[in-house]
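dropping the sequence and predicted coords here.
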Amino acid sequence: MARRPGRTTVATTVAFLAFLVFGMVRVAAPVSALGVVFDEPLGFGVFAAGVALAGSALLFVRPLELAVGRSLVGTARAPSNAEAGRLSSLLRQVAGHAGIDAGRLIVRVQDDPGMNASAGASHLLFVTSGALALPDRDLEAIVAHELGHHRGLHPVLGAVVWWLRLPGAALGAVYGFLRRGVARIGARMGRLGPVVAVPVLLLLIVWQVTVMWLFYAGELLAMRAARLSEYEADAAAARWGYAGALASAYAALARRELEPEGRWARLTAEHPPLPERIKRLELLAGPTTAGTAAAPAHPRVPQ
């Protein structure tokens, strides 16, 4: 399968370094579980980077890739004969534009009425039954978007970051456990509870932010990389001739949910605002399709 790293690779590398440095700082901290296991920050850095890269490389091993796929999406089935015939035809067309070997893709169907699709591991392509109800051209455009993710190695890059964020996620869970414990104790103390619990909770929050700010910066950087990957996959589909069809598909996918509002919601979102994606695709498609896809409220967009 042809691969071509792009801007997402650079953005993911920055998040990778943030998580790596966070772990190394925790090793050097006076109180740290990582410091018990590792004597030197550099030793942890080498070990963590090696585990992240090796763990992501395992996604190219087919049995492990399938196991990861099951953990990512839960129940997914092989396409029926009719679905396989339709998808095979579409994949040959799209993969020909993308320079990808369609025969190596692992296609699975999720029985979900929502119109969605996603790329996983190194060759996985998930399509919902709702997406299969779309017209051929719209479905082809959505598949092109997902192959854009594979072409850019986005799922594999996401796996690298996933490994490195584990120490911070575990530490965050510990702080969450402590906060819940303080809140429960305060609730049992009656009227005195808030007087005791609130200052302790505030102290815990300040302590957590002081210790974990670099991890949270890495989280924001990882979300930025995810948003860039969506633009990159859209642009790839546009290069292969699907800009107008993908813009129309996004508009047709509008459903009940609303777009996240506010700067913080946009900073922490994995997907860019859909109207902005449609506008970019219309520009890439040219003046003949500009304005044909009305910006929807919020569809379940391909991931």
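Thanks, I have it.

in this protein, which spans are strands?
106-110, 117-120, 124-128 (DSSP state E).

nearest to residue 169 among those strands would be which one?
Of all those, strand 117-120 sits nearest to residue 169, with 19.8 Å by Cβ to Cβ. (Each C-beta comes from the backbone N, C-alpha and C, glycine too.)

so for residue 263, which of the strands of the chain sits nearest?
strand 117-120 (26.7 Å).

what's the mean pLDDT across the closest one?
Taken as a whole, strand 117-120 has an average pLDDT of 91.

dump the strands of the chain to CSV, plus mean neighbour count and distance to residue 160.
Formatted as CSV, the strands of the chain follow (neighbours: other Cβ atoms under 10 Å; distance: least, Cβ to Cβ, whole Å):
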stretch, mean neighbour count, distance to residue 160
strand 106-110, 19, 20
strand 117-120, 24, 14
strand 124-128, 24, 16
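
the residue most central in space within the chain: what's it in contact with?
In the chain, the residue lying closest to the centroid (Cα atoms, centre = their mean) is residue 226, at 5.5 Å. Counting by Cβ atoms under 8 Å, 6 or more residues apart in numbering, residue 226 touches 158, 270-271.

neighbours around residue 12, how many?
Using other Cβ atoms under 10 Å, residue 12 has 25 neighbouring residues.

that one and residue 225 touch, don't they?
Yes: using Cβ atoms under 8 Å, residue 12 is in contact with residue 225, at 4.4 Å.

can you list residues touching both of the two?
157, 161.

thinking again about what came up before, so which of the contacts of residue 226 is the most crowded?
residue 158 (22 neighbours).

check contacts around that one.
Contacts of residue 158 (Cβ under 8 Å, 6+ apart): 12, 226, 229.

which secondary element of this structure has the worst mean pLDDT?
Lowest on mean pLDDT, DSSP states H and E among the helices and strands of the chain sits helix 62-73, with a mean of 80.

buried ones in that one?
For helix 62-73, burial by neighbour count (16 or more other Cβ atoms under 10 Å) applies to 65, 68-69, 73.

measure how far that helix is from the centre of its chain, please.
16 Å (Cα atoms, centre = their mean, to the nearest Å).

tell me the angle it makes with strand 124-128.
Interaxial angle of helix 62-73 relative to strand 124-128 (axes from the mean of the first three to the mean of the last three Cα atoms, to 10 degrees): 40 degrees.

circling back: and which of the buried residues of helix 62-73 is nearest residue 31?
For those, the nearest to residue 31 is residue 68 (34.1 Å; Cβ to Cβ).

quick revisit: for residue 26, find the nearest of the strands of the chain.
strand 117-120 (29.8 Å).

the protein: helices as residue ranges?
Counting by DSSP state H, the chain has helices at residues 7-28, 33-37, 41-57, 62-73, 81-98, 136-151, 154-187, 192-239, 243-252, 263-267, 274-285.

which of these sits closest to residue 129?
helix 81-98 (8.5 Å).
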